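> Here is the input, now give the coordinates:
(2 chains)
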Protein chains: 2
Amino acid sequence: MTTHDSVTAPALPDVSALVVGVLGGTGDQGRGLALRLAKAGQQVVIGSRTAERAEAAAAGIGLGVRGADNAECARQSDIVIVAVPWDGHAATLSALREELAGKIVVDCVNPLGFDKQGAYALKPEEGSAAQQAAALLPDSRVTAAFHHLSAVLLQDESIERIDTDVLVLGEDREATDLVQALAARIPGMRGIFAGRLRNAHQVESLVANLISVNRRYKAHAGIRITDV
Amino acid sequence: MTTHDSVTAPALPDVSALVVGVLGGTGDQGRGLALRLAKAGQQVVIGSRTAERAEAAAAGIGLGVRGADNAECARQSDIVIVAVPWDGHAATLSALREELAGKIVVDCVNPLGFDKQGAYALKPEEGSAAQQAAALLPDSRVTAAFHHLSAVLLQDESIERIDTDVLVLGEDREATDLVQALAARIPGMRGIFAGRLRNAHQVESLVANLISVNRRYKAHAGIRITDV
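Next up is the predicted model:
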């Protein structure tokens, strides 16, 4: 017997017809996610502050990806991934409260500071970026996921599979199931439910540790959950 | 190309002759670690508040494991794993400052609270349990590791290998190398350097997420770092 014996995962819903928006989709993380989801056959809309920048990023990806300003991106999407810089997180979401009402929001923002010794966790007043999103978007179904993906690997089209797990957090089982299913669309990835939003801070902050791993091992580190 | 292509790990030191103490070695986590390290051929001393309890736990394991009170355990050991409950963490370490001077201390304590919704992270005033240990033990070489191991798996002797990674944190490269090497003594485990102690809080707190994973998937979850 080894610890590899795995339990049967609960069946996840079909998300193939859902439109996925990526706010901050012109950044490395957002563009990488947009690319991977579009390659997996998902309809993707990149959002940015200006429609022109979003359209340029979308054209760069191809695969039917569209571009729009953030508000229009939110309106057109069923699931909206928030991949904006932490600096602009609160302002971007506050401005989109109406457009994001009723939507599944997936926060993947990692509040980090950097100095000579590398990265360290910032502690948002609300506890985490995801809890800040939930506070600012009371009419949305806020989840947190996609924190630990290397933007380099996501954007490298010579890499077919990214063997890593996506930790999905949230209060709403139907929403976290959909986000898990979305993660599983990308070859090599699994979406693993990993708790409520009050436990998002450490998931967001763990990126500081992965940055240390990357420095030491010249890697693009991600994580896998064992025994699942 | 896949993300499995792994870099060559730096060579780790030989720790086979070092004596490992386990403070709180009568608890599930400590006893499990003592068992695994002793099975791997390491000399192990279990520490507890009373020598009698420690000796009883040691006798239960066999494999040459010794028992002693915490102070004597610290004195006899080269590397001392701190596996006491968070409640007793500060008091235990404060009392052992002299005995732990010059030793490598490995903090594996996870400060967590529990309520009806499960586990959540506690935030120690010093930032993390490991930083509290470093503050209380200025003459020791404090590291943090062994946070994410399932006590159930550790103690189940029918399981030969535990396929998981041990994140090792600390300021002192020689110390973290030794702790990585110690982790690698246990079949299936690797020790992976994962940053400085200022980034220990999220590593400690991630156990709250693993507890959510365990509930959802009926698992004994651990983690692996990918691309390393």
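> hmm, stretch A:179-196 touching chain B?
Yes. Stretch A:179-196 lies within reach of chain B by CB under 8 Å from any CB of the partner chain, at A:188, A:192-196. (C-beta placed from N, C-alpha, C; glycine too.)
> cool, and stretch A:79-96?
No. Between stretch A:79-96 and chain B, judged by CB under 8 Å from any CB, nothing touches; the nearest distance is 15.3 Å.
> which outside residues touch that stretch?
The contact list for stretch A:79-96 (CB atoms under 8 Å, 6 or more residues apart in numbering or on different chains) reads A:15, A:18-25, A:27, A:29-30, A:33, A:47, A:70-71, A:73-74, A:100, A:103-112, A:122, A:129, A:132-133, A:136-137, A:146, A:178-179, A:182.
> Now, these that are in helices?
A:29-30, A:33, A:70-71, A:73-74, A:129, A:132-133, A:136, A:178-179, A:182 (DSSP state H).
> quick one: which of the residues you listed is nearest to A:Leu206?
Set against A:Leu206, the nearest of those by CB to CB is A:Ala129 (13.0 Å).
> quick revisit: closest one to B:Ser205 out of the residues of stretch A:179-196 next to chain B, please.
Checking the residues of stretch A:179-196 next to chain B one by one against B:Ser205 (CB to CB), the nearest turns out to be A:Gly195, at 10.6 Å.
> Verify the stated contact: that closest one with B:Ser212.
Yes. With contact defined as CB atoms under 8 Å, A:Gly195 reaches B:Ser212; the gap is 3.4 Å.
> between those two, which one's more packed in?
A:Gly195 (29 against 22; other CB atoms under 10 Å in any protein chain shown).
> Turn the ones in helices among the contacts of stretch A:79-96 into a markdown table, including neighbour count and pLDDT.
Formatted as a markdown table, the ones in helices among the contacts of stretch A:79-96 follow (neighbours: other CB atoms under 10 Å in any protein chain shown; pLDDT from 0 to 100):
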| residue | neighbour count | pLDDT |
| --- | --- | --- |
| A:Gln29 | 24 | 95 |
| A:Gly30 | 25 | 97 |
| A:Leu33 | 28 | 98 |
| A:Asn70 | 27 | 97 |
| A:Ala71 | 16 | 98 |
| A:Cys73 | 28 | 98 |
| A:Ala74 | 26 | 98 |
| A:Ala129 | 27 | 98 |
| A:Gln132 | 24 | 98 |
| A:Ala133 | 27 | 98 |
| A:Leu136 | 21 | 98 |
| A:Leu178 | 25 | 98 |
| A:Val179 | 28 | 98 |
| A:Leu182 | 30 | 98 |
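> Between its first and last residues, how far does stretch A:67-82 reach?
15 Å (CA to CA, to the nearest Å).
> ditto for stretch A:183-203
16 Å.
> So which bits of it are buried?
A:183-186, A:188-203 (16 or more other CB atoms under 10 Å in any protein chain shown).
> Tell me where the model's unsure across chain A.
Counting by pLDDT under 70, chain A contains low-confidence ranges at A:1-10.
> Can you give me the buried ones in the lengthiest helix in chain A?
Criterion DSSP H: the longest helix present in chain A is helix A:201-217. Buried residues in helix A:201-217, counted by 16+ other CB under 10 Å: A:201-214, A:216-217.
> Show me which of those is closest to B:Arg53.
A:Gln202 (32.7 Å).
> Show the contacting residues for that closest one.
B:121, B:201-203, B:205-206, B:208-209.
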